[in-house]
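Asker: return a 3D structure for these sequence lines:
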Amino acid sequence: MNVEFINAFLNAGIRVLETMAFVKPVAGKPFLKQDKLSRGDISGVIGLTGSKRGAVVFSLSKEAALKIVSSMLGQQYTEMNDEVRDAVGELTNIIAGDARRELAEKGHVFEAGIPTVIIGKGHEVVSIVREPTIAIPFKIDNDPFIVEASFEK
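Answerer: This next block holds a predicted model:
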């Protein structure tokens with residue numbers, strides 16, 4: 001995958017969470033994902049069309065989701081509920097939008113679909129894009145989340 005695409009999603013993950021949720025995520029080393037299993041307990045998924053077809057997945061551990069949404073909404077959440085699910089969907093949309101903005105500046109124009117949220121430990125996210133998925137791991141304190149992106153060649 002083009003390094004511009006990887007950097008756009010890495011930058012978006014950091015910018016959006018710092019701005020919207022007032023947390024400081026620490027990025028790990030991006031890797032090529034070999035399976036369809038989610039690394040989190042809740043995932044926001046959004047499809048992209050335009051220059052290429054693609055998909056973005058924002059997958060969080062329960063702990064990371066609760067910490068991020070609590071900080072973002074200024075209210076303590078201890079369980080996954082409708083507000084947490086909605087916030088994860090909205091964060092997925094904002095991360096994809098911020099990455100799309102950065103990519104558009106480099107000539108890669110995309111339109112985004114409506115995010116879908118999937119919950120459950122070990123859930124699978126299967127995309128119509130058959131190309132490899134680049135996964136960018138992050139942590140908030142010690143709680144993991146991941147931003148994944150896959151695009152057609």
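Asker: who's in contact with stretch 91-110?
Answerer: Residues outside stretch 91-110 that contact it (Cβ atoms under 8 Å, 6 or more residues apart in numbering) are 4-5, 7-9, 11-13, 15-17, 20-21, 44-46, 48-52, 54, 56-58, 68, 72, 112, 115, 117, 147, 149. Where C-beta positions appear, they are placed from N, C-alpha and C, glycine not excepted.
Asker: buried residues, the biggest helix by length in the chain. List them.
Answerer: Across the chain, the helix with the greatest residue count (assigned by DSSP state H) is helix 82-104. Buried residues in helix 82-104, counted by 16 or more other Cβ atoms under 10 Å: 84-85, 87-100, 102-103.
Asker: rewinding a little: sort out which of the contacts of stretch 91-110 are in strands and list them.
Answerer: Among the contacts of stretch 91-110, DSSP state E puts 44-46, 48-50, 54, 56-58, 112, 117, 147, 149 in strands.
Asker: tell me which two of those residues sit farthest apart.
Answerer: Among those, the pair separated by the greatest distance (Cβ to Cβ) is Gly50 and Val117, at 22.9 Å.
Asker: Leu32: neighbour count?
Answerer: 9 (other Cβ atoms under 10 Å).
Asker: now do Gly107
Answerer: Gly107: 8 neighbours (other Cβ under 10 Å).
Asker: sec struct for the closest residue to Gln76 other than its chain neighbours, please.
Answerer: Take Gln76 and drop its neighbours on the chain: the residue closest to it by Cβ to Cβ, 6 or more residues apart in numbering is Ser70, 5.2 Å away. Following DSSP: H, G, I helix; E, B strand; the rest coil, Ser70 is assigned to helix.
Asker: over to the one 10 residues further on?
Answerer: For Met80, the secondary-structure state derived from three-state DSSP is coil.
Asker: look up how far Thr92 lies from it.
Answerer: 15 Å (Cβ to Cβ, to the nearest Å).
Asker: quick revisit: I'd say the residue nearest to Gln76 and Tyr77 touch.
Answerer: Yes - at 4.9 Å, Ser70 and Tyr77 qualify as touching, with contact defined as Cβ atoms under 8 Å.
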